[in-house]
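# Sequence below, structure please.
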Amino acid sequence: MPGDLLAYLVFGIGLVVLFIWIVIYYYSKKRHDRIEEAKYKMLEDDDE
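The predicted model follows:
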């Protein structure tokens, strides 16, 4: 039983670390322009 609990704990901590890394990566000011560029590119008119 302690092995299962340890595996569950390691997996949970791994998911939390991955989530925090994704949030820091995408919300950093260094990447803000590149991330926002895709959003505005979708709104551009294709006929131009």
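# in stretch 28-38, what's buried?
Residues of stretch 28-38 classed as buried: none (neighbour count, 16 or more other Cβ atoms under 10 Å). (Glycine included, C-beta is placed from N, CA and C.)
# State the mean pLDDT of it.
The average pLDDT for stretch 28-38 rounds to 82.
# For it, output the C-alpha coordinates as PDB.
What follows is stretch 28-38 as a C-alpha-only set of coordinates in PDB (Å, rounded to 0.1, in the frame of the first residue of the first chain):
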ATOM      1  CA  SER A  28       5.600  35.300 -19.500                       C
ATOM      2  CA  LYS A  29       6.000  38.800 -20.900                       C
ATOM      3  CA  LYS A  30       8.700  37.600 -23.200                       C
ATOM      4  CA  ARG A  31       6.300  35.400 -25.200                       C
ATOM      5  CA  HIS A  32       3.300  37.600 -24.900                       C
ATOM      6  CA  ASP A  33       3.600  39.100 -28.400                       C
ATOM      7  CA  ARG A  34       4.100  35.700 -30.100                       C
ATOM      8  CA  ILE A  35       1.100  34.100 -28.300                       C
ATOM      9  CA  GLU A  36      -1.200  37.100 -29.000                       C
ATOM     10  CA  GLU A  37      -0.100  37.200 -32.700                       C
ATOM     11  CA  ALA A  38      -2.000  34.000 -33.400                       C
END
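# Tell me which helix or strand comes right after the helix or strand that Leu18 is a member of.
Assigned by DSSP states H and E, Leu18 falls within helix 2-26. Following helix 2-26 in sequence order, the next helix or strand is helix 32-43 (DSSP H and E).
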